[in-house]
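1. Need coordinates for the following:
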Amino acid sequence: MSASSLYPPTLRREPPVSSRRWFAYSLFALAGIGLFFIPAFIIRPFRHQSPRALLLAMTLRQRAPLGTLIAALACFILALVLWKTASRWRKSLLVLTLLLVTFSAVMARLNYFEWMFHPIDGAQFVAQADSKLDAKQMIMAVRIGTEARAYPISQMAYHHVLNDVVAGVPIAVTY
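-> Alright, predicted model coming up:
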């Protein structure tokens, strides 16, 4: 005999079906939104990123396209079911949440990190005497044969990669 059978049916407390549906809707919405926003929050320019946090971000980023699609589909199905009995403010909440989940599902398929780290289209170089770099500013230098280039760390930290040709040799400078 189970413990629930000791009580009359009127005293058993099971959540109503709509409460469970709202709970499931909330979980799917949080999962869909989190799969996009957590990696975007962790991987930001000029912020410290620990190895564990980066591993989490890259793992979520890798699973985000499928995960956000599943979460969005589940949210749309549950929203259709919940819409019939929802009050006006809950319908507004459904619409707002669906917009965020849809935005997350679309963004999870784009390489938005390229928007944060703008690649350098065409590097321009000036003579050392004409540069406006502070004497204490760090640079990365490349010399091949008689030709040399210097890349300011302050610029490379933002862009991360620059393709260049030094003395006829194609190079990729990265920081």
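
2. which residues of the chain score low on pLDDT?
-> 1-15, 45-46, 116-122, 157-159 (pLDDT under 70).

3. In it, spot the helix with the most residues.
-> helix 51-83 (DSSP state H).

4. tell me which element the residue most central in space within the chain falls in.
-> Nearest to the geometric centre of the chain sits residue 40, at 2.8 Å (Cα atoms, centre = their mean). Following DSSP states H and E, one finds residue 40 within helix 17-42.

5. Beyond the host helix or strand of residue 92, next helix or strand please.
-> Secondary structure assignment for residue 92, by DSSP H and E: helix 88-107. Note on helix 88-107: by DSSP H and E, the next helix or strand toward the C-terminus is helix 113-116.

6. gap between the closest residue in space to the residue nearest to the centre of the chain that isn't next to it in sequence and residue 38?
-> Nearest residue to residue 40, sequence neighbours excluded (Cβ to Cβ, 6 or more residues apart in numbering): residue 112, at 6.7 Å. C-beta coordinates here come from the backbone N, C-alpha and C atoms, glycine included. Residue 112 is 13 Å from residue 38, where distance means Cβ to Cβ, to the nearest Å.

7. returning to that earlier point: buried sites along the helix holding residue 40?
-> Neighbour-count burial for helix 17-42 flags 21-22, 24-25, 28-29, 31-40, 42 (criterion: 16 or more other Cβ atoms under 10 Å).

8. cool, and stretch 93-107?
-> 93, 94, 97, 98, 100, 101, 103, 104, 105, 107.

9. Which residues does stretch 68-75 contact?
-> Applying Cβ atoms under 8 Å, 6 or more residues apart in numbering, the set of residues contacting stretch 68-75 from outside is 24-25, 28-29, 31-32, 35-36, 97-98, 101-102, 104-105, 108.

10. The helix holding residue 92 versus helix 51-83: what angle between them?
-> For helix 88-107 against helix 51-83, the angle between stretch directions is 140 degrees (axes from the mean of the first three to the mean of the last three Cα atoms, to 10 degrees).

11. coming back round to it: report all helices and strands that the helix holding residue 40 contacts.
-> Judged by 3 or more Cβ pairs under 8 Å, 6 or more residues apart in numbering; DSSP states H and E, helix 17-42 is in contact with helix 51-83, helix 88-107.
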